[in-house]
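J.: pasting the structure only:
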């Protein structure tokens, strides 16, 4: 059984919840600096990231889909060690068994303290084994996942050293063979924006049984 957290939106009507979600569905921000990278010729663009953006900077990458977007998570951990990820929020259409296995290992090893995932209900229906592996593993560890009508691709990471990163991409956690765009930003506001809506749709999705 998947766990759910107490949330004040549980006391609101469905109409109130929808108005609140619309109110929080936009964010306007100014980026201090942008780095632009064309990584079309690289074998693995994510693994080749050598430095992360500074505060209110963003890194924009265009690359071939020959890598799992998931690799950004261990890459960030490697580049920010000894920091760990206090909270990890993910929205993705789908994921692989390897993605699930690696995330569960990071949770067990203390490198990810909490995790919340939104994936596509279409993925859950088409890939029940992968979904069950992730859902059962997260539930056993007190973490959260829900399948909804979602096509968003987001990774939000709050680090133990205070840094907040947000990744916006066209790619899913598992690899594919398409051209993809990836933006990595160090921005508390953008991180909080994405983590809040992911928390909210997980809570409302579980409350309504929206599967």
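T.: Looks like it arrived, so ask away. Everything quoted here is computed from the prediction, not taken from an experiment.

J.: And for the residue most central in space within the chain, nearest residue in space, chain neighbours not counted?
T.: Against the mean C-alpha coordinate of the chain, by C-alpha atoms, centre = their mean, the closest residue is residue 90 at 2.0 Å. Distances taken as C-beta to C-beta, 6 or more residues apart in numbering place residue 117 nearest to residue 90, at 4.7 Å, with adjacent residues excluded. All C-beta atoms are positioned from the backbone trio N, CA, C, and that covers glycine.

J.: So what pairs up with the residue nearest to the centre of the chain in the strands?
T.: residue 117, residue 155 (DSSP bridges).

J.: could you measure it against residue 76, distance?
T.: 13 Å (C-beta to C-beta, to the nearest Å).

J.: Could you do residue 147 as well?
T.: Residue 147 sits 25 Å away from residue 76, going by C-beta to C-beta.

J.: Those two: which has the busier surroundings?
T.: The neighbour comparison of residue 147 against residue 76 (other C-beta atoms under 10 Å) goes to residue 76, with 23 against 20.

J.: lowest-pLDDT helix or strand in this structure?
T.: Least confident element among the helices and strands of the chain, by mean pLDDT, DSSP states H and E: strand 33-39 (a mean of 55).

J.: After that one, which helix or strand is next?
T.: As assigned by DSSP states H and E, the chain's next helix or strand after strand 33-39 is strand 57-64.

J.: which of the residues in the longest helix anywhere in the chain are buried?
T.: Selection of the longest helix in the chain by residue count, based on DSSP state H, yields helix 188-208. Across helix 188-208, burial judged by 16 or more other C-beta atoms under 10 Å covers 190-191, 193-195, 197-206.

J.: Return the member of those nearest to residue 83.
T.: residue 191 (14.3 Å; C-beta to C-beta).

J.: and the closest one, what is it in contact with?
T.: Counting by C-beta atoms under 8 Å, 6 or more residues apart in numbering, residue 191 makes contact with 156-158, 164-166.

J.: Pull the most distant pair out of these.
T.: The widest separation within the contacts of residue 191 (C-beta to C-beta) is 10.0 Å, between 158 and 166.

J.: who's more crowded, those two?
T.: For residue 158 versus residue 166, neighbours defined as other C-beta under 10 Å are more numerous around residue 166 (24 against 21).

J.: Skipping its backbone neighbours, what lies nearest the more buried one in space?
T.: residue 190 (4.2 Å).

J.: Look at the one you found and report its pLDDT.
T.: The model reports residue 190 with a pLDDT of 96.

J.: Over to residue 181?
T.: Residue 181 is given a pLDDT of 89.

J.: Do I have it right that residue 187 meets residue 56?
T.: Yes - with contacts counted by C-beta atoms under 8 Å, residue 187 reaches residue 56, the gap being 5.8 Å.

J.: ok, those two, which is more surrounded?
T.: For residue 187 versus residue 56, neighbours defined as other C-beta under 10 Å are more numerous around residue 187 (23 against 16).

J.: From residue 160, how far out is the more buried one?
T.: Distance from residue 187 to residue 160, by C-beta to C-beta: 18 Å.
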